[in-house]
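Asks: return atomic coordinates for the entry below.
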Amino acid sequence: MKNLWDKSNTFSFEDDLDARVYSSRLLGQDSSLVLHGGGNTSVKILEKNLLGDEEQILYVKGSGWDLVSIERAGFSPVRMSHMVSLAKLESLSDPEMVNELKTQLTDANAPAPSVETILHAILPFKFVDHTHADSVVTISNTSNGEERIKEIYGDKVLVVPYVMPGFDLAKSVDKIFSEQATSLTEGIILMNHGIFSFGNSAKESYDRMIDLVADAENYIHEQNAWDIQISSPPSSNESLITEIPKLRQLISKNAKKPLLLNLSDKEIGVHFSKRPDLKKIANQGPLTPDHVIRTKRVPMIGRDVEKYIKEYTSYFDHNVLNAKESKTMLDPLPRIVIDSEFGVCSIGKNMKEVGIVSDIYEHTMLSIIRAEKLGGFKALPSSDIFDLEYWDLEQAKLKKNINSFVFEGEVVLITGAASGIGRACVESFLNRGSAVIGLDIDSSIKEVSNDKNYLGIICNLTNDDELKESIELAVRYFGGIDMAVLNAGIFPPAHKVSELPFKEWRSIFSINLDANFNLLRLIYPILKLAPNSGRVVFIGSKNVPAPGPGAAAYSASKAALNQLMRVLSMEWGEDGIRLNTVHPNAVFDTGIWTEEVLKSRAENYGLSVDEYKSNNLLKIEISSFDVSELAAEMCGPLFSRTTAAQVSVDGGNERVI
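Replies: Sure thing, here's the model as predicted:
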């Protein structure tokens, strides 16, 4: 643990809420304390209402905010007096609690208050911090965790046995605090859950959190349980290029929607997957119950999806019998796959979700291994995990995140994606929810987008080794390839055939035709495994149906590529793979249209540059985005019954017509 408090930053605090924001962000910066929305913080402030009366307001972290980036608006102001009164009730249902929290807000535009609001209210301190510190949970998740916690902290903390978050936990904490708290009490350890610290200033509460967690870390070090010897090298196997898409296809089929599958290259995952005791330690449950919402109770070990579904269904059937109200089973599919050949795979509908799953399980693996060194990892019983997984309040959060992007969970590979039509295609597919692999020889390909769903790879498409490596990287990163947009190509300066060097002819064909042929050959086995069937869009040219003088190599190579599309439509149709061509013309915001090329082509037609730009029936200019939008639509449901089609995007060209 490192104490990140910087006095120089505190001079800008206008009030206690500013201090609360600052220290909350410090906690959020450390992923070993909180991950992806975890933890919560609060501050109690005396304020005057509109009537001029003073009342104490509890500003508590609002739902949907992350501590690492929280702002003043992320804290929900609720009336303290009512929260304290609620804590005196004998019982309070979750719907009743949520209603009470919302109706006691002093700002109707504030986010929903944390489910831990009542707990924050009853603790008699101005500032309260709550995290799910890895080291604390690691120790509490051992066979004699409570004994170890008491050995470490003595009178500094109160220990609360696991109780589900919400009203019942607040009641338990209230009782234990009133009976056991002393002047030495600096925090509370919630077994199998996390830790609370508190103080009369933001710094005091923050300092206590850091010190208490550091005590846990030091204990793990002293017990020689901190360091993990990683001996297994990352997996490298060519068969993964088809085996990973097969697994993704099977999981997606059972989910009834495509999902992404990310194979981690981190050594801890490879090491964990090869442990001889993997089944024993990985099948106990998550570090804290709230992780079940993201990772499911246990990972899938191996690739037997049907077996995992049966075991999940059994888990549901067994625990639903004790549920207070009727429950509908969630999807029974894994979010984590651990395989001795693959390593650790994370699954989700997009890379944001995949990243959350991956981060949580990385911390889980480290904690499990350390807990094993402390005498054995011991998670909560499945009944406690079930109660959290099927908790109405958690289910409500998930329902808010439902999206309906047409390509969500699917992957498109786009060549020549660093500029022009290719770059526009990146945007069009991302806007439809697709994960995007951008290939280009230009190093700027990596910076085309900062979207989590984007992966830019520098690749010379004419280099077979680079192409294979890029495809492998893409499959490991996203789990497969569903769609491809073949955009990469060159449009050289005009040459009459009698003046065209053979070397230049071959060079143009190697890029415009040969590289695309090789790419298609390599991705065919992957496209066959696309959950919604494979799709390929060829970016052709007006020169295919209507070639122009001085562009023999370009026109012939594009025509050959188009002919390849037609042949593959017949050969790959039985695999459900659709292939279509978009023929753009006069798209002047692309890389091939340099001033020199544009002037040369205009002269060939006896036109000025401006006349050449609008040389179509509709007298309009065609943009890269116009082409990319059609390319994306050709991969969507609108063209689901179409293959081998050729569609022009040219504003109407007399020669083509």
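Asks: from here on, just use CA atoms for contacts and neighbour counts.
Replies: Noted.
Asks: tell me the domain ranges of the chain?
Replies: Listed by automatic domain parsing, the domain ranges of the chain are 7-222, 242-393, 411-649.
Asks: got JSON lines for the ones you listed, with distance to Q229, mean neighbour count and mean pLDDT too?
Replies: Converted to JSON lines, the domains of the chain look like this (distance: least, Cα to Cα, whole Å; neighbours: other Cα atoms under 10 Å; pLDDT from 0 to 100):
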{"stretch": "domain 7-222", "distance to Q229": "14", "mean neighbour count": "19", "mean pLDDT": "95"}
{"stretch": "domain 242-393", "distance to Q229": "9", "mean neighbour count": "19", "mean pLDDT": "94"}
{"stretch": "domain 411-649", "distance to Q229": "25", "mean neighbour count": "20", "mean pLDDT": "94"}
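Asks: okay if I get those as TSV plus distance to I230?
Replies: Shown next, in TSV, are those (distance: least, Cα to Cα, whole Å):
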stretch	distance to I230
domain 7-222	17
domain 242-393	6
domain 411-649	21
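Asks: R655: which of the ones you listed is closest?
Replies: Nearest of the domains of the chain to R655, taken as Cα to Cα: domain 411-649 at 6.0 Å.
Asks: could you tell me the end-to-end distance of the closest one?
Replies: 24 Å (Cα to Cα, to the nearest Å).
Asks: next one: that domain to chain centre, how far?
Replies: 28 Å (Cα atoms, centre = their mean, to the nearest Å).
Asks: for the stretch 101-250 of the chain, which segments count as helices?
Replies: Assigned helices in the stretch 101-250 of the chain, in chain order: 117-122, 134-140, 145-153, 167-180, 202-222, 240-255 (criterion: DSSP state H, counting those that start in this stretch).
Asks: correction: the previous question concerned the stretch 401-550 of the chain.
Replies: 420-431, 464-478, 502-509, 515-527.
Asks: any chance of TSV for these, columns distance to S91?
Replies: Listed next are the helices of the stretch 401-550 of the chain as TSV, based on distance: least, Cα to Cα, whole Å:
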stretch	distance to S91
helix 420-431	47
helix 464-478	47
helix 502-509	76
helix 515-527	55
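Asks: which of those helices sits closest to D451?
Replies: helix 420-431 (8.1 Å).
Asks: residues in contact with that closest one?
Replies: Residues from elsewhere that reach helix 420-431 (Cα atoms under 8 Å, 6 or more residues apart in numbering): 407, 412, 414-417, 435-436, 438, 448, 453-454, 487-488, 589-591, 624-625, 627-629, 631-632.
Asks: just the ones of those in strands?
Replies: Of the contacts of helix 420-431, the ones assigned to strands by DSSP state E are V412, I414, T415, A435, V436, G438, Y454.
Asks: S91: which of these is nearest?
Replies: Nearest member of the ones in strands among the contacts of helix 420-431 to S91, counting by Cα to Cα, is A435, at 46.7 Å.
Asks: report the contact partners of the closest one.
Replies: N350, M351, E408, G409, E410, V411, V412, F429, N453, Y454, F478.
Asks: can you rerun that using 6 Å?
Replies: Taking Cα atoms under 6 Å, 6 or more residues apart in numbering, we find A435 in contact with V411, N453, Y454.
Asks: distance of the spatially closest residue to the last one that is not a sequence neighbour from D265?
Replies: If the residues on either side of it in the chain are set aside, Y454 comes closest to V436, at 4.8 Å by Cα to Cα, 6 or more residues apart in numbering. Distance of V436 to D265, given as Cα to Cα: 19 Å.
Asks: can you list contacts of stretch 493-506?
Replies: G550, A551, A553, V597.
Asks: of all those, which comes closest to I251?
Replies: A553 (45.1 Å).
Asks: where's that closest one, which helix or strand?
Replies: Following DSSP states H and E, one finds A553 within helix 552-572.
Asks: remind me what that helix packs against, helices and strands.
Replies: Using 3 or more Cα pairs under 6 Å, 6 or more residues apart in numbering; DSSP states H and E, no helix or strand is in contact with helix 552-572.
Asks: right, and the helix or strand after that helix?
Replies: strand 578-584.
Asks: render the CA-only coordinates of that next one in CSV, please.
Replies: Below are the C-alpha coordinates for strand 578-584, written out as CSV (Å, rounded to 0.1, in the frame of the first residue of the first chain):
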residue,chain,number,x,y,z
ARG,A,578,-22.0,-13.9,-47.8
LEU,A,579,-19.7,-12.0,-50.1
ASN,A,580,-20.6,-8.7,-51.8
THR,A,581,-18.9,-5.8,-53.5
VAL,A,582,-19.2,-2.1,-53.1
HIS,A,583,-18.0,-0.1,-56.2
PRO,A,584,-17.2,3.5,-55.1
